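S.K.: Sequence first, predicted model second:
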Amino acid sequence: MLQLGNLAIVAAGHKDCSLQIYNEEVTVCVGEGNERKILSCKYNDDNYINKIIAFLNFGTEIEEDSGCLVCKKCGYKQDNDETISAFRKLFPNIETHDIPYYCGACMDNADDDEYELMQKQMKS
Ligand SMILES: [Zn+2]
């Protein structure tokens, strides 16, 4: 079941909170000034949306799973330690979840242009 509906209800009842859905991406802005926090994820990422709901309801801090590579095409989370450490070496100054990683399936299904772009991004 999609948690997006629950998030909308919780956001509606929360002060200083806005909810935006754009291009399949959900963004929640909460708080004011320096306290302002922006949280976003894919609209169907129930796991993360539940964390946002817990944050809005109870102030539960969200642990960014910076330990995961996230496919920039499909959002697949790669948590294989060897792959992660290989990519971390390539991109030492980028948060792991921001590394331009593409999962095997997306690489396999990419046409030539896409594949070239992916290779280029992974080197840059
Ligand atoms: Zn992918």
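M.R.: Right, received. Where do you want to start? Small disclaimer: the values here were computed from a predicted structure and weren't measured.
S.K.: So for the helix or strand containing Arg88, what gets flagged as buried?
M.R.: Following DSSP states H and E, one finds Arg88 within helix 81-90. Judged by neighbour count (16 or more other C-beta atoms under 10 Å), helix 81-90 contains these buried residues: 84, 87. Every residue, glycine included, has its C-beta placed from N, CA and C.
S.K.: Could you number the chain from 32 rather than 1 from now on?
M.R.: Yep, numbering from 32; the last one is helix 112-121 now.
S.K.: helices or strands up against it?
M.R.: If contacts are counted by 3 or more C-beta pairs under 8 Å, 6 or more residues apart in numbering; DSSP states H and E, helix 112-121 sits against strand 100-101.
S.K.: The same query, at a cut-off of 6 Å, please.
M.R.: Applying 3 or more C-beta pairs under 6 Å, 6 or more residues apart in numbering; DSSP states H and E, we find helix 112-121 packed against no helix or strand.
S.K.: neighbouring contacts of it?
M.R.: Applying C-beta atoms under 6 Å, 6 or more residues apart in numbering, the external contacts of helix 112-121 come out as 100, 130, 132.
S.K.: The same query, at a cut-off of 7 Å, please.
M.R.: Helix 112-121 has contacts (C-beta atoms under 7 Å, 6 or more residues apart in numbering) with 98, 100, 109, 127, 130, 132.
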